[in-house]
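Asker: From the sequence below, what's the structure:
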Amino acid sequence: MTAPDLDPRTSGPASAPAAGDRPVALVTGSESGIGRATAVALAAAGFDLGLCWYADEDDADATAREVRAAGARAATRRVDVTDLDALAPAVDALAAELGRVDALVNVAGTGTATPFLDLDVATWREVLATDLDGPFVLTQAAARHMVAGGRGGRVVNVTSVHEHAPRVGAAPYCAAKGGLGLLTQVAALELAEHGITVNAVAPGEIATAMTGQEDEDPHPTDRAGVPLGRPGDAREVAAVVAFLCGPDATYVTGASWAVDGGMLRMGPMAGSHLTSDDWRRP
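Answerer: Purely as a prediction, here's the structure:
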């Protein structure tokens, strides 16, 4: 697949680019899980990568090696998405190093399993700062580069099934992901005139460090409450993100794509088949 022409006002994929002319995608949380899988998938789809990491530089370097093995350039930068004043300068620095910004994928996130009455304000603020405030500032900064570039662009916000459905013990996470879902829709409306599409991808249970299943093959794991019967693989989420960033998604904006094995469709079914009060506890 050649690198996409990201302006949806054109007719389709561009010809193969010269060195340095490949589109550039910035990915947060790129050192592991969905972030790493997304970076590798975008490299294979013709993007160079700005890899934003936070916790482990060695893991970020491992992602960079995979990206380069796919034939793409990779620039790495430590980014704390709660340090709001530092985010636009980080985007500017990656844009300067890589020459442009054509896509942003907001993956970095956190959550909590704390009963509502036990929540403290500091925890509430930390989750919202990571999962909502940071993506807002990053999207604004990246979109400004896309508008200035005049080629259109892509923003994909990795939310969660809890953008759409609540979970006991996850009040700040659900609030942030629900807010990010509506922010996605507003940004889609406002940025459309610039040829920028904005979409959300809402994963269910994915075998990553966040669910305590890092690097596990999810296929043998039984999940009776999921129609497909198992957790997901990070690469299954990354494939949807890559589609939304690519030339075949030029008429898709303001949408939320659930990648959950059908779990969201189980709402009434799960409710009528519960046999205990275990659901009341995080």
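Asker: low pLDDT regions in this structure?
Answerer: Applying pLDDT under 70 to the chain picks out residues 1-20, 209-216.
Asker: partners of the longest strand anywhere in it, with directions?
Answerer: In the chain, taking DSSP state E as the definition, the longest strand is strand 196-203. Strand pairing for strand 196-203, using DSSP bridges, gives strand 153-158 (parallel), strand 256-259 (parallel).
Asker: Using a markdown table, lay out those together with mean neighbour count and distance to residue 267.
Answerer: All C-beta spots, glycine's among them, are computed from the backbone N, C-alpha and C. Compiled in a markdown table, the strands paired with strand 196-203 are given as follows (neighbours: other CB atoms under 10 Å; distance: least, CB to CB, whole Å):
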| stretch | mean neighbour count | distance to residue 267 |
| --- | --- | --- |
| strand 153-158 | 29 | 22 |
| strand 256-259 | 20 | 12 |
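Asker: Make JSON lines out of those strands and add distance to residue 85.
Answerer: Formatted as JSON lines, the strands paired with strand 196-203 follow (distance: least, CB to CB, whole Å):
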{"stretch": "strand 153-158", "distance to residue 85": "21"}
{"stretch": "strand 256-259", "distance to residue 85": "29"}
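Asker: Now do the following helix or strand past the longest strand of the chain against strand 153-158, angle only.
Answerer: Moving toward the C-terminus from strand 196-203, the next helix or strand (DSSP states H and E) is helix 234-245. Counting by axes from the mean of the first three to the mean of the last three CA atoms, to 10 degrees, helix 234-245 lies at 150 degrees to strand 153-158.
Asker: Just the C-alpha atoms of helix 234-245, please, in CSV.
Answerer: What follows is helix 234-245, C-alpha atoms only, in CSV (Å, rounded to 0.1, in the frame of the first residue of the first chain):
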residue,chain,number,x,y,z
ALA,A,234,-4.0,-5.0,20.2
ARG,A,235,-3.3,-5.6,16.5
GLU,A,236,-7.1,-6.0,16.0
VAL,A,237,-7.6,-2.5,17.3
ALA,A,238,-4.6,-1.1,15.4
ALA,A,239,-6.0,-2.4,12.1
VAL,A,240,-9.1,-0.3,12.6
VAL,A,241,-7.0,2.8,13.5
ALA,A,242,-4.9,2.3,10.4
PHE,A,243,-8.0,2.1,8.3
LEU,A,244,-9.3,5.3,9.7
CYS,A,245,-6.0,7.0,9.1
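Asker: Can you list the buried residues in it?
Answerer: 234, 236-245 (16 or more other CB atoms under 10 Å).
Asker: wait, which of those residues is closest to residue 176?
Answerer: Residue 176 lies nearest to residue 237 out of the buried residues of helix 234-245, by CB to CB, at 18.2 Å.
Asker: relative to strand 153-158, how tilted is the longest helix seen in the chain?
Answerer: Criterion DSSP state H: the longest helix present in the chain is helix 171-191. Interaxial angle, helix 171-191 versus strand 153-158 (the same axes, to 10 degrees): 160 degrees.
Asker: Contacts for helix 171-191 next, please.
Answerer: Helix 171-191 has contacts (CB atoms under 8 Å, 6 or more residues apart in numbering) with 106, 110-112, 114, 116, 119, 123-124, 126-128, 130-132, 135-136, 139, 143, 146-147, 153, 155, 157, 159-160, 162-164, 166-167, 197-200, 202, 253-254, 256.
Asker: Kindly report the same for stretch 265-277.
Answerer: Defining contact as CB under 8 Å, 6+ apart, one finds that stretch 265-277 is touched by 165, 225-227.
Asker: make it 10 Å
Answerer: 164-165, 224-227, 258, 260, 263, 279 (CB atoms under 10 Å, 6 or more residues apart in numbering).
Asker: Drop anything exposed from those.
Answerer: Buried among those (16+ other CB under 10 Å): 164-165, 226, 258, 260, 263.
Asker: From residue 113, how far off is residue 172?
Answerer: Going from residue 172 to residue 113 by CB to CB, to the nearest Å gives 11 Å.
Asker: Hmm, I typed the wrong one, I wanted residue 27.
Answerer: 26 Å.
Asker: do the same with residue 263
Answerer: From residue 263 to residue 113 the distance is 18 Å (CB to CB).
Asker: ok, now residue 272?
Answerer: Distance from residue 272 to residue 113, counting by CB to CB: 25 Å.
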